[in-house]
Every structure is written in structure tokens, then in C-alpha cells.
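Novice: kindly return the folded structure for what I paste below:
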Amino acid sequence: MTDTPLSPGSTIGIIGGGQLGRMLTMAAARLGYGCIVLEKGGCPARDVCVDHIDAAYDDADALAMLAEKADVVTYEFENVPIETVERLTGSVPVYPPAKALSCSQDRLAEKRFINETGIGTAPFLAVNNDADIADALKQFGGKGVLKTRRMGYDGKGQHVFNGDAPAEETAIFDEMGGVPLIMEGFIDFACEISIIAARGQDGQIALYDPARNEHSEGILRRSTVPCGAASSIEAKARDAARLIVDALDYVGVLGIEFFVTGNDELLVNEIAPRVHNSGHWTEAACAINQFEQHIRAIVGLPLGSTARHSDCVMENLIGDEIAALPAIAQKADAVVHHYGKRQARPRRKMGHVTYLSARSGS
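Specialist: Numbering: from 1, shown residues only. Here you go, the predicted structure:
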């Protein structure tokens with residue numbers, strides 16, 4: 001914690017105005033801070049922020065305006081240009097630090113960083129042409145996940161190999177955009193869990209309970225807490241989270257996804273230097289949710305308790321599923337959050353609902 005945390009009434013700049021920016025803005029308002037959002041065009045956060053800069057993330061004039069108006073800057077999306085964060089850092093504090101953003105933007109660099117901390121990942125190889133794809137598949141027994149090294153989320157920029165095609169018949173480098181790729185060896189995992197970690201400016205760390213995640217077509221469908229993993233696995237996840245945030249000299253909230261294998265090995269899948277979809281349950285099941293925790297960290301306030309008062313299941317409402325909101329809202333155990341997006345589209349996250357139940361053992 002800094003000697004003098006930002007006083008209520010100070011302004012937080014947020015790069016990105018999607019649902020995460022919206023929820024960060026709402027959490028900041030509860031603590032007395034106003035938010036200015038940098039985002040091109042209309043966006044969910046525009047409805048709740050005190051100011052909006054309608055510009056691209058790399059607009060030099062817009063960034064100068066943001067630096068002038070904000071007392072601290074954060075971002076809601078790991079695909080913000082690293083140059084943007086580096087430019088702002090010279091004028092205004094920016095959290096999480098540029099190092100964390102740079103690491104997470106390149107899947108190859110991210111995997112290498114995780115391994116350097118002593119934490120396991122799926123096996124991986126850099127891929128720069130079709131010959132590299134064939135070689136990687138031969139090494140990984142014909143099974144693997146080919147991903148763009150940069151950009152891509154919710155299953156985008158990926159191709160799965162299930163071992164049903166000869167390696168020499170995998171000429172898809174150009175189809176993937178002709179950009180640098182990474183091949184990750186296929187992991188036959190028992191489940192996926194994630195942990196939401198927070199680290200303050202003073203190095204204080206706070207960890208939420210791990211969630212068990214279920215995906216469909218690359219999109220998170222459901223997060224369940226408690227996750228049902230063995231206590232030893234949860235302990236390993238917490239230890240890994242502490243190592244990662246300390247190695248990055250991190251400030252803010254970080255999402256970390258893990259694979260749990262059949263023999264109880266824990267492997268990091270990826271990290272996200274921001275509040276995370278698999279932590280939305282904290283909004284309903286914890287006194288201090290991940291969004292307030294992030295705001296606390298970046299303004300220099302003490303981190304809050306991560307204690308959970310309920311068991312819960314968080315489900316994303318995707319596309320037309322948002323139409324069921326009135327029916328869902330009638331359920332006594334449901335906490336609903338609509339993101340304020342005007343148009344429902346396939347694969348678009350429109351909101352989420354968290355179903356609460358009495359905490360196990362309480």
C-alpha cells in the first residue's frame with residue numbers, strides 16, 4: 001500500500017469499455033472514485049462512467065487526454081497495445097504493470113515465463129510454417145492445439161488436432177492467418193480450475209477460492225465453487241498464484257487457469273492480467289468481489305477479505321439466452337447481472353447469473 005492512497009473523488013482511467021470495464025466502474029463508484037473510459041464508440045461502460053473518450057486505444061491525443069484526466073490507469077483487456085501502456089506509464093501510474101501485459105499477449109512468452117517460475121504447463125513448440133506444424137504433431141503424437149501466439153480469446157484463433165489426420169496433411173498455416181503460432185500438446189485433463197489472485201502495491205496477496213470451469217466451443221459456460229478438487233490441488237494452485245504475481249511484481253487482479261490431470265498434476269493453461277470471467281461469482285458470494293479488489297489494489301487501499309459466504313454456480317448468458325432474464329430473476333437463489341449490451345449475437349456474452357446455496361459445512 002502506498003503511504004497515501006488515492007482519495008475518494010480521484011479519477012481512474014480504464015482502457016476498454018466492455019462488461020469488465022463496466023463492472024470495474026461500478027465497483028470504483030462504491031468506493032468514491034469516478035472513472036473515465038477510453039473506448040471507440042458505444043460500449044457497456046459508457047452508461048456508468050463519469051467520462052468517456054471516444055477513440056482507439058492507440059490514439060496519441062486520446063492517450064494524452066486520459067493521462068491528464070486520470071490519477072491512475074488500468075485496463076480491462078489483455079489485447080490492449082503494449083505501446084499504449086508504455087506511453088501512459090511515463091505520465092501516470094498504470095496497473096497492472098506493462099511486464100504482465102507483455103507476457104500475457106504472447107502465448108509462447110507466457111508459457112516460457114510460467115516454466116521459468118518452476119510451474120508446469122502443457123508441452124509446447126513455436127510454429128512458423130506448415131513444416132513446423134507437421135513436426136510438432138509428430139512430437140505430440142498427432143494431438144495438439146494450434147493457437148495464434150497473439151490475440152484470440154473465447155476459442156478464437158485456435159485449431160484442434162485429434163490425431164485423426166496424418167501430420168503431413170496439415171497445411172493450415174495460411175488459414176490461421178500466416179502469423180506466428182504455438183502448438184500445445186494435448187492434455188487429457190480431469191477438469192479445469194481457475195484462481196483469482198490479487199496483489200497490492202505493498203506486495204500483499206489475497207486469493208479467492210478456486211472455481212471449477214466448464215467450457216463449450218471455447219467459451220466459459222459455468223464456474224462452480226467449491227471446485228471439488230482435492231485440498232492438495234487447491235494448495236498447489238494457491239502456491240502457483242503467489243509465485244506468479246510476485247514474479248510479475250503485479251498490482252491488481254489476475255486470473256489464472258489450470259488443468260488438473262488424472263494423476264493430480266496441476267498445469268497452468270494461461271494467465272489473464274485483469275479481472276476474469278471465472279471470478280464473476282465473487283460478485284454474489286463474497287463481501288469484497290474481484291472488481292472492488294482490483295480497484296483497491298490500483299488506488300493503494302488495503303486488499304479486502306476474499307472470504308466466501310455461500311457456495312455458488314455462475315453461468316454466462318450468451319446470445320439470445322439473455323431473453324430468459326425475467327424468468328431467471330424470479331428465482332430466489334439467483335443474482336443476475338445484465339451487461340447493458342443493446343444487441344444479442346451468437347457467442348456474445350450478454351450477462352451472467354450466479355446461483356447461491358448455503359456454504360458446505362456451515
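Novice: quick one: end-to-end distance for stretch 294-310.
Specialist: 21 Å (CA to CA, to the nearest Å).
Novice: after the helix or strand bottoming out on mean pLDDT in the chain, which helix or strand is next?
Specialist: Across the helices and strands of the chain, mean confidence by mean pLDDT, DSSP states H and E is lowest for strand 158-162: a mean of 85. Following strand 158-162 in sequence order, the next helix or strand is strand 181-185 (DSSP states H and E).
Novice: partner strands of that next one and their direction?
Specialist: strand 124-127 (antiparallel), strand 143-148 (antiparallel) (DSSP bridges).
Novice: can you redo those strands as JSON lines with mean neighbour count and mean pLDDT?
Specialist: (C-beta placed from N, C-alpha, C; glycine too.) Putting these into JSON lines (neighbours: other CB atoms under 10 Å; pLDDT from 0 to 100) gives the following:
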{"stretch": "strand 124-127", "mean neighbour count": "20", "mean pLDDT": "95"}
{"stretch": "strand 143-148", "mean neighbour count": "21", "mean pLDDT": "90"}
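Novice: I'd like those written out as JSON lines, with distance to residue 79 added.
Specialist: Formatted as JSON lines, the strands paired with strand 181-185 follow (distance: least, CB to CB, whole Å):
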{"stretch": "strand 124-127", "distance to residue 79": "20"}
{"stretch": "strand 143-148", "distance to residue 79": "11"}
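Novice: summarise which helices and strands the least confident helix or strand of the chain is packed against.
Specialist: Judged by 3 or more CB pairs under 8 Å, 6 or more residues apart in numbering; DSSP states H and E, strand 158-162 is in contact with strand 143-148.
Novice: residue 101 in helix, strand or coil?
Specialist: helix (DSSP: H, G, I helix; E, B strand; the rest coil).
Novice: correct me if wrong: it contacts residue 78.
Specialist: Yes: Residue 101 lies in contact with residue 78 (CB atoms under 8 Å); the separation is 6.3 Å.
Novice: list residues touching both of these two?
Specialist: Residues touching both residue 101 and residue 78 by CB atoms under 8 Å, 6 or more residues apart in numbering: residue 273.
Novice: what comes up buried for the least confident helix or strand of the chain?
Specialist: Buried residues in strand 158-162, counted by 16 or more other CB atoms under 10 Å: 158-159, 161.
Novice: please compute how far that strand lies from its chain's middle.
Specialist: 22 Å (CA atoms, centre = their mean, to the nearest Å).
Novice: contact partners of that strand?
Specialist: Contact with strand 158-162 is made by 137, 142-148, 152, 170, 172, 175-176, 186, 218, as judged by CB under 8 Å, 6+ apart.
Novice: same check, this time on stretch 51-62
Specialist: Stretch 51-62 is contacted from outside by 11, 15-17, 34-41, 43, 45-46, 65-66, 69, 80-81, 83-84, 87, using CB under 8 Å, 6+ apart.
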